[in-house]
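Visitor: One predicted model, sequence on top.
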Amino acid sequence: MAGRRLGGALFGDGVFLEQAFRPLTELLHRLVARTAVVELRAARDAGALGEGGSEERFRRFVAAYEHAETRARLLERYPVLVRQIAVAVRNWVRTSALLAERLVADADALGVTSPLAELHSGLGDRHRGGFTVCRLRFHDGLQIMYKPRSLAVDAHFQQLVRWFDDQGASRPLRTLKVLDRGEYGWVEYVRPRQCESREALRDLYHRQGFLLALLHLLRATDFHAENLIAAGDQPVLVDLESLLAPELPLRDTRVTPVEHAMGQLTIASVLAIGLLPQPAWTAEDGTLVDVSGMGHPTGLNTPMPVPFLVDLGKDTMRIELAHKTMETPDHRPVAPDAPLDLNEFREDVLDGFTEAYRICEREREALAGVLEMFRGDRVRVIVRPTILYEAILRTAFHPTLLGDGADRDRHFDALWRESPYLPALDPCIAAERRDLWNNDVPSFSAATDGDALLDSVDEPVPGISLRPAMDSVLERLRTLGPDDYARQRWLVHGTIGLAAANNHSLQGHAVLPARTGHGRS
């Protein structure tokens, strides 16, 4: 009865409203920044800012917008900007109110006994009308994550991990508490922790190998560095919406039949998961950049230049483009006594992978029954790279596109550029445009036992038929065996070795192992 006992004190001292408001101001700043810079330059060039220093002229520019007539003229020039600001505020009001309502309704089930101390909202991308992941901390120390999507697949994965532990896993995996409420859910917060010894590091990488085999079985994708947290000797997967990925009917006409066949082999392998070190893009200097769950070193730059403000507070304020240093996620274990060399733990990864793989083979019939709990779960379907959507959305707020909605709509025609090569994605474009107009990163999903691709409002995308993920997962379970094991083990061994070689941590060691027999050990 904690929620009812706390009553209004649950949101004590206005913490909720104050901290929920911060991401909205940051979003609005991004929406208006380019327009403000253009208007500032126009006023400066016209001599409308008067005499004095650069900072004084900037203050006059800002002060002018305290007058209603100045604001009205701006809104008349940029009606599309006004619309998008209204969309952002509307979405914020709705999503914030729902978060508050859901927290009150679920406080008892979550074990909340003290008022909210801190709210970090706006984490990650915005989907489905401005919803984002949030982290909440309460005065008694309780921390939980709020996720505005079904967490059935997350909860079922925890059950699957416990089943593998019951089959005699040598190093039990940590499971998380998950409360699934259908349209949304709550999950235990995972705090990153340092490994206390080299032995603890070996245990961590053994578990990573074990998880790799589970993710391979479940046809997982998108397990890059941001979806993994190193918590002592436990690698914890924290975003499981890309498990049981269904097969999209795609055929890129730009690639040769051989390249297409190689791509299909990759999709069917451990490389598709995103956990093993592998290049995601090539930097300007030719360096291969790795953002995988086992990779992603510190100091990486964004793959493309991003806009940022220069000369803040001066009438020379402007936007420049540059590569920005990306934040390093909490996926890499902190070694207690020496720099981390992934190649040192290659055999531990392989041992963990082998252990889980052999459990799958040995308990194949029982495991098929266990996997049935995933039937009907909703999972994410990645239609296009998020980075593409983000680039299109960011540039859609250039002032030249904010005076007439038709101009901005034509900007979204960028989605058609791939059409000659990937015509199968054409039916998705209407839903993608709608999401972009809603200031969202477009999102698609599917039921694990369904063949429909669903858009962000849960409507089937016409003209696209998926192969149900459950069919593919059960088929993969049936085909596990010596030949598949040898291929996957060879890839695990080789990718870790190659990553180590690229980091200059291998001195004359072989990178790719010779493939002899079935490679079982």
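Guide: Structure received. Predicted, not measured: the structure shown is a model, and the values here were computed from it. Residues are numbered from 1 along each chain as shown.

Visitor: Can you pull out the residues in contact with the helix or strand containing Gly352?
Guide: Assigned by DSSP states H and E, Gly352 belongs to helix 346-362. Helix 346-362 is contacted from outside by 164, 167-171, 202-203, 205-214, 217, 294, 367, 477, 480-481, 485, 488-489, 492-493, 496-497, 500, 520-521, using Cβ atoms under 8 Å, 6 or more residues apart in numbering. For the C-beta atoms, the positions are set from N, CA and C on the backbone; glycine is no exception.

Visitor: Now which of the residues you listed would you call buried?
Guide: 164, 169, 171, 202-203, 205-214, 217, 294, 367, 477, 480, 485, 488-489, 492-493, 496-497, 500 (16 or more other Cβ atoms under 10 Å).

Visitor: Could you tell me which of those residues are located in helices?
Guide: 164, 202-203, 205-214, 217, 367, 477, 485, 488-489, 492-493, 496-497, 500 (DSSP state H).

Visitor: follow-up on the earlier one: tell me how far the helix holding Gly352 lies from the chain's centre.
Guide: With Cα atoms, centre = their mean, to the nearest Å as the basis, helix 346-362 stands 27 Å off its chain's centre.

Visitor: Buried ones in that helix, by neighbour count?
Guide: So helix 346-362, judged by 16+ other Cβ under 10 Å, has buried residues 346-357, 359-360.

Visitor: now swap in stretch 117-128 and tell me
Guide: Buried-residue list, stretch 117-128, by 16+ other Cβ under 10 Å: 117, 119-122, 125-128.

Visitor: Please report how far Tyr78 lies from Thr253.
Guide: 40 Å (Cβ to Cβ, to the nearest Å).

Visitor: Who has more neighbours out of these two?
Guide: Tyr78 (21 against 9; other Cβ atoms under 10 Å).

Visitor: For the spatially closest residue to the more buried one that is not a sequence neighbour, give me its contacts.
Guide: Using Cβ to Cβ, 6 or more residues apart in numbering and skipping the chain neighbours, the partner closest in space to Tyr78 is Leu402 (4.3 Å). Under the criterion of Cβ under 8 Å, 6+ apart, the neighbours of Leu402 are 35, 78-81, 84, 408.

Visitor: do Arg149 as well
Guide: Counting by Cβ under 8 Å, 6+ apart, Arg149 has contacts 128, 131, 183-185, 241, 378.

Visitor: secondary structure class for it?
Guide: coil (DSSP: H, G, I helix; E, B strand; the rest coil).

Visitor: low pLDDT regions in the stretch 251-400 of the chain?
Guide: 255, 259-261, 282-288, 296-297, 335-339 (pLDDT under 70).

Visitor: now the helices for it?
Guide: Shown for the stretch 251-400 of the chain, the helices assigned by DSSP state H, counting those that start in this stretch span residues 257-267, 346-362, 364-371, 386-395.

Visitor: With distance to Pro460 as extra columns, can I get those in CSV?
Guide: Output for these, formatted as CSV (distance: least, Cβ to Cβ, whole Å):
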stretch, distance to Pro460
helix 257-267, 23
helix 346-362, 33
helix 364-371, 25
helix 386-395, 21
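
Visitor: Among the buried residues of stretch 117-128, which ones are in strands?
Guide: Counting by DSSP state E, the part of the buried residues of stretch 117-128 found in strands is 117, 119-122, 125-127.

Visitor: C-alpha coordinates for stretch 445-457, CSV please?
Guide: Extracted as CSV, the C-alpha positions of stretch 445-457 are listed here (Å, rounded to 0.1, in the frame of the first residue of the first chain):
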residue,chain,number,x,y,z
SER,A,445,7.8,-4.1,-34.3
ALA,A,446,6.3,-7.6,-34.7
ALA,A,447,4.9,-10.4,-32.7
THR,A,448,7.3,-13.3,-32.5
ASP,A,449,4.7,-15.6,-33.9
GLY,A,450,3.2,-13.2,-36.5
ASP,A,451,4.1,-12.3,-40.1
ALA,A,452,2.9,-8.7,-40.0
LEU,A,453,5.3,-5.7,-39.7
LEU,A,454,3.7,-3.2,-37.3
ASP,A,455,4.2,0.5,-37.4
SER,A,456,4.4,2.8,-34.3
VAL,A,457,0.6,2.9,-33.9
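
Visitor: for it, which positions count as buried?
Guide: 445-450, 452-456.

Visitor: Those residues: which two are farthest apart?
Guide: The largest separation in the buried residues of stretch 445-457, counting by Cβ to Cβ, is between Asp449 and Ser456 at 20.7 Å.

Visitor: Pairing-wise in the sheet, spell out the partners of Phe308.
Guide: Glu320 (DSSP bridges).

Visitor: pLDDT weak spots in the stretch 401-521 of the chain?
Guide: 500-521.

Visitor: switch the cut-off to 90
Guide: 418, 420-422, 424, 494-521 (pLDDT under 90).

Visitor: What segments of it are helices?
Guide: 405-411, 429-437, 469-479, 482-502.

Visitor: what would the ones you listed look like in CSV with distance to Leu388?
Guide: Formatted as CSV, the helices of the stretch 401-521 of the chain follow (distance: least, Cβ to Cβ, whole Å):
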stretch, distance to Leu388
helix 405-411, 13
helix 429-437, 10
helix 469-479, 24
helix 482-502, 25
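
Visitor: and Phe138, which of those is closest to it?
Guide: helix 429-437 (33.2 Å).

Visitor: residues near Ala46, how many?
Guide: 8.

Visitor: pLDDT at it, what is it?
Guide: On the pLDDT scale, Ala46 is placed at 88.

Visitor: now Leu17
Guide: 87.

Visitor: who touches it in this structure?
Guide: 11, 96.

Visitor: try the one 10 residues further on
Guide: Taking Cβ under 8 Å, 6+ apart as the definition of contact, the neighbours of Leu27 are 88, 92, 122, 439.

Visitor: do that again at 6 Å, thanks
Guide: Ala88 (Cβ atoms under 6 Å, 6 or more residues apart in numbering).

Visitor: heads up, I number from 64, so please use that
Guide: From this message on, residue numbering opens at 64, which makes the last subject Leu90.

Visitor: Which positions in the helix or strand encompassing it come out as buried?
Guide: If you go by DSSP H and E, Leu90 is part of helix 78-108. Residues of helix 78-108 classed as buried by neighbour count (16+ other Cβ under 10 Å): 78-79, 82-83, 86-87, 90, 94-103, 106-107.
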